[in-house]
Each structure stands twice: as structure tokens, then as C-alpha cells.
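Undergrad: Got a sequence here, can you model it:
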Amino acid sequence: MKGLIRNNFYAMEGNMVISFIVAAFLAIMPVFLKSSSFIPIILAIQIFIFVVNTGTSLHADTTAKWNKYERILPVKSGEPILAKYISFAILILLGVAMSLLTLFCAAAAGITLDLADLTVGYGYGLTLSGISIGIMYPIMLRTGTDKNELILIFSAFGSVGLRLLAAFVLSPWTEGMNIQHPLVNTVSALAALVIFAGSYFVSLGIYRHKEFY
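TA: Below you'll find the predicted structure:
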């Protein structure tokens, strides 16, 4: 299992470095912007920017025909998929970790952090990441990675659509359709978690019935 996870990160090593550099740059932005209005956007980008690397990892696996050789490794049939989803979760956690650096820099700059702003930032970042992976990976596993950028964009729009749907359904309790309401953020994030978990079982089914050439 550890070897499978290491291979996932090895495939996106170069892009991971870029993600860390961009996330670190965003983390120090509050020092120069001196405004809390940008904090939610920065947090959301930092969480999502690591997830973008999944397309690179999957494409590298396809190019190297790694999926074909996974079948002969001394591991259980479902472990390669489990390793993928553990890797995805680690990517999200890396984004959350970098977001904490942003909060530290904001506090050091004397910026007052509003709980509502933090809820929006983390809610949108987690929703975008969870749903993007939940939609993107099963599709790429089934159809291939030739159009991974297009699939990623489609998945990202799916997360936006979910937030809009949540805002509409919850509008009676949020004083109208308010996409930034804490309740909308909480429900969207929980829905993203369910989609993320559900996509694991979908991907597992696809993997077990898919032939790799």
C-alpha cells in the first residue's frame, strides 16, 4: 500500500513543487493586501491547487501503462484504488495545511479574521476539491486521461452547480439564496464528502471490470 501511494506522488513530483510554491506565495499575500476580503479566495485556491495534480498523476500512469502492471503486484485487487483515494485525501490535507500558513500571515499582519469568511473559504475549497475528484477520477478511469483538463474543468463546474443547488434548497433558512451562508457551506462540504466517498466505490467497480492494455 505504501509503495502504491509513493508511486502516486512520484508521478506528480514536479507539479507538486509548483503547487507548494504557488500556495506559499498566496500565503504571504495578506501581508501586502492588508484586507480580509481576499482571505476566502486564497484559502479556497490553496486547498484546490494540490488537487489539480491528480490529472497529471493519472495521465502519467496511463502513459507508463502502470495500470496494467498493477494487476500483477502482490496486493489485493482493490488496493490500487484505495491508494489513489488516500493520495487524494493527502493532497486535500496538504492544501489545508498551507491555508493555515495564510491564517498565520494574516494574523501577523494584524488582519482581523472573520469566522464567516473562513467558513466560505474552507467550505468552497473542500467542496471544489471533493466534488472535482469525485467526478473526475471515475470518468478518467473509465474513458482515459486524454482530455483530463476538460474533465477537470467540467468537474469544477459541477461543484459550483452543487453550491448553487444547496443555496436554492436552503434559501428558506438562509434569508434568500445566499451562496456564502455558513449553512450552505456546511451542507455543500458534507455533500462533497459523500460524493468523494461514493466515487471510491464507483471507481472500484470500474477498475475491477476494466481491461488494461
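
Undergrad: Determine the next helix or strand in the C-terminal direction from the worst-scoring helix or strand of the chain on mean pLDDT.
TA: Taking mean pLDDT, DSSP states H and E as the measure, the helix or strand of the chain with the lowest value is helix 66-70, at a mean of 59. Next helix or strand after helix 66-70 toward the C-terminus (DSSP states H and E): helix 79-108.

Undergrad: Packing partners of the helix or strand following that next one?
TA: Heading C-terminal from helix 79-108, the first helix or strand you meet, by DSSP H and E, is helix 115-143. If you count contacts as 3 or more Cβ pairs under 8 Å, 6 or more residues apart in numbering; DSSP states H and E, helix 115-143 packs onto helix 39-51, helix 53-63, helix 79-108, helix 148-169, helix 182-209. Bear in mind the C-beta positions are built from the backbone N, C-alpha and C, glycine included.

Undergrad: Out of these, flag the one nearest L26.
TA: Of all the helices and strands packed on helix 115-143, helix 39-51 sits nearest to L26, with 5.0 Å by Cβ to Cβ.

Undergrad: Would you mind writing the CA trace of the closest one as PDB?
TA: Extracted in PDB, the C-alpha atoms of helix 39-51 (Å, rounded to 0.1, in the frame of the first residue of the first chain):
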ATOM      1  CA  ILE A  39      -8.800  35.500   2.600                       C
ATOM      2  CA  PRO A  40     -11.700  33.200   1.500                       C
ATOM      3  CA  ILE A  41     -10.400  33.200  -2.100                       C
ATOM      4  CA  ILE A  42      -6.900  32.500  -1.100                       C
ATOM      5  CA  LEU A  43      -7.900  29.600   1.200                       C
ATOM      6  CA  ALA A  44     -10.100  28.000  -1.500                       C
ATOM      7  CA  ILE A  45      -7.300  28.200  -4.100                       C
ATOM      8  CA  GLN A  46      -4.700  26.800  -1.800                       C
ATOM      9  CA  ILE A  47      -6.900  23.800  -0.900                       C
ATOM     10  CA  PHE A  48      -7.800  23.100  -4.600                       C
ATOM     11  CA  ILE A  49      -4.400  23.700  -6.200                       C
ATOM     12  CA  PHE A  50      -3.000  20.400  -5.000                       C
ATOM     13  CA  VAL A  51      -6.000  18.500  -6.300                       C
END
